[in-house]
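Asks: mind looking at a prediction? Sequence and model below.
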Amino acid sequence: MKAVSLGVPRLANNSAYFATEALFGAFIIQCPTYFLASAYSKANLPVWKMRFNGGSALHGAVSEYQLGYGGVKNATLANDVIFKYLLSFMTDTDPNKLYPGALPAWPQYGRGRAGVVPKNAIFDVYDDHIVAVTDPIASEKCDVFAENARIIS
């Protein structure tokens, strides 16, 4: 088996708790989203993936922006962008269909165009901007779990 960094932080005060937390976060949350998005994309099913880095930065913070409640830091992002993507997805199963040209096109996962959109593009959402980036979860860290699935399960 190839040695790969699993992204466990090396802090001066690091403990087994923090290492375990990082490992379980990758195993239970991060890598499964990558595996599912990749599998659906390979089956020619549309996939859109977002990583939300705004708001309170707590789990579920995007709901403040999707539903327009709470103390959102950027009402324009909440009302004019996130909510419109959600509404478009709910009505047409495509976040880009309802408001074409009014919002930045949310790229489909696995459908990149060389030099334009990364292959495994996700929307990285911050309080003041949205940017399409290559999925940082699509990495050797998750490949270790996939390659050793028989041993892990």
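Replies: Structure received. Because the structure is a prediction, the values reported are computed rather than measured.
Asks: burial measure for residue 54, as a count.
Replies: As a burial measure, residue 54 scores 22 neighbours (other Cβ atoms under 10 Å). Yep, even glycine has a C-beta here, placed from its N, CA and C like the rest.
Asks: which strand or helix spans the nearest residue to it once chain neighbours are set aside?
Replies: Sequence neighbours aside, residue 127 is the residue nearest to residue 54 in space, at 4.2 Å (criterion: Cβ to Cβ, 6 or more residues apart in numbering). Residue 127 belongs to no helix or strand when assigned by DSSP states H and E.
Asks: quick check, residue 127 in contact with residue 77.
Replies: Yes: if you go by Cβ atoms under 8 Å, residue 127 and residue 77 touch, sitting 6.7 Å apart.
Asks: give me the common contacts of the two.
Replies: Listed as contacting both residue 127 and residue 77 by Cβ atoms under 8 Å, 6 or more residues apart in numbering are residue 54.
Asks: quick one, strands of this structure?
Replies: 50-52, 121-125, 130-134 (DSSP state E).
Asks: how near is residue 77 to residue 104?
Replies: 12 Å (Cβ to Cβ, to the nearest Å).
Asks: between those two, tell me which one has more neighbours.
Replies: Set residue 77 next to residue 104 and count neighbours by other Cβ under 10 Å: residue 77 wins out with 20 against 14.
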